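Chemist: Mind folding the following:
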Amino acid sequence: MNYLYLLLNLGSISIPFIFSFHPKLKFYKLWKPFIISVLAGMVVFIPWDIAFTINGFWGFNNNYLLGINLFNLPIEEWLFFICIPYACVFTHYALLYYFPKMELSTKTTKMLSYIFIIGFTVMALYNYNRWYTFINFSIAAILLLIVLNKSLDLLKGFYLTFLVILIPFFLVNGLLTGSTIKNEVVWYNNTENLGIRLFTIPIEDVFYAFSLILLCLFIMKLKERSALQASH
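Modeler: Predicted structure coming up:
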């Protein structure tokens with residue numbers, strides 16, 4: 001099934017895309033800041049992806065790909081950085097729209113953020129010889145520190161919406177890493193990660209998703225803020 005990865009991408013974005021035109025949500029009005037956020041995310045994650053693929057830290061099973069590559073990455077992997085962030089960002093906004101009180105207190109948010117930053121930093125430093133673990137936790141710590149100082153309100157809701165986002169994440173990423181299929185779509189060199197799997201998913205993938213989604217939301221929040229200031 002050489003179109004499995006493509007179907008996973010399209011399946012992930014399909015329902016959020018349709019509901020983007022819901023008369024109450026009107027998520028389509030946020031497409032411009034979203035596109036900017038996706039491009040910013042690609043600036044960070046695509047070079048990382050290319051470098052890791054070239055060095056064999058992870059790779060892709062051609063049996064599930066169309067065979068079209070760009071800079072050593074399958075076209076499906078490029079689509080991943082559009083479809084998955086779209087689905088996750090839409091979910092974040094939809095949850096906060098329907099559950100506006102779905103947020104933590106300022107005190108709890110700060111406490112969790114400092115705990116996470118310290119934990120991510122320790123994990124990065126302790127695993128400096130494992131490239132996926134080191135880069136993953138380093139970026140998560142730096143990004144979270146920036147967001148904590150620049151957009152604390154974003155984190156109040158994000159910590160809770162991320163827990164919900166993890167549900168479809170485990171379904172999609174589980175398939176990509178070999179759940180319910182003969183061989184994985186994406187394989188990992190376990191010498192470059194902790195070797196800890198949540199079902200078939202490397203535990204680092206959870207924090208990879210954390211950083212990818214948080215970066216998109218942060219950039220969108222900055223664009224919304226600048227647009228609001230310009231209108232006054």
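
Chemist: switch to C-alpha atoms for all contacts and neighbour counts from now on
Modeler: OK.

Chemist: so where do the helices sit in this structure?
Modeler: Along the chain, counting by DSSP state H, helices occupy 4-19, 31-54, 75-98, 106-126, 131-150, 152-176, 204-230.

Chemist: mean pLDDT for those: which is lowest?
Modeler: The weakest mean pLDDT among those belongs to helix 204-230, with a mean of 89.

Chemist: Buried residues in that one, which are they?
Modeler: 204-221, 223 (16 or more other C-alpha atoms under 10 Å).

Chemist: The helices of the chain into CSV, with extra columns for distance to residue 67?
Modeler: Conversion of the helices of the chain to CSV gives the following (distance: least, C-alpha to C-alpha, whole Å):
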stretch, distance to residue 67
helix 4-19, 11
helix 31-54, 15
helix 75-98, 8
helix 106-126, 34
helix 131-150, 25
helix 152-176, 16
helix 204-230, 24
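
Chemist: Can you say which of those helices is nearest to residue 197?
Modeler: Within these, the stretch nearest residue 197 is helix 204-230; the backing value is 8.8 Å (C-alpha to C-alpha).

Chemist: what's the angle from that closest one to helix 106-126?
Modeler: Using axes from the mean of the first three to the mean of the last three C-alpha atoms, to 10 degrees, the direction of helix 204-230 lies 130 degrees away from that of helix 106-126.

Chemist: Now do helix 204-230: which elements does it pack against?
Modeler: helix 31-54, helix 75-98, helix 131-150, helix 152-176 (3 or more C-alpha pairs under 8 Å, 6 or more residues apart in numbering; DSSP states H and E).

Chemist: and if we set it to 10 Å?
Modeler: Judged by 3 or more C-alpha pairs under 10 Å, 6 or more residues apart in numbering; DSSP states H and E, helix 204-230 is in contact with helix 31-54, helix 75-98, helix 131-150, helix 152-176, strand 197-198.

Chemist: Packing partners of the fourth one?
Modeler: The one in question is helix 152-176. Judged by 3+ C-alpha pairs under 10 Å, 6+ apart, helix 152-176 is in contact with helix 4-19, helix 75-98, helix 106-126, helix 131-150, strand 186-188, strand 201-202, helix 204-230.

Chemist: can I assume residue 165 is in contact with residue 91?
Modeler: Yes: if you go by C-alpha atoms under 10 Å, residue 165 and residue 91 touch, sitting 7.1 Å apart.

Chemist: who's more crowded, those two?
Modeler: Neighbour totals were compared for residue 165 and residue 91, and residue 165 leads with 20 against 17 (other C-alpha atoms under 10 Å).
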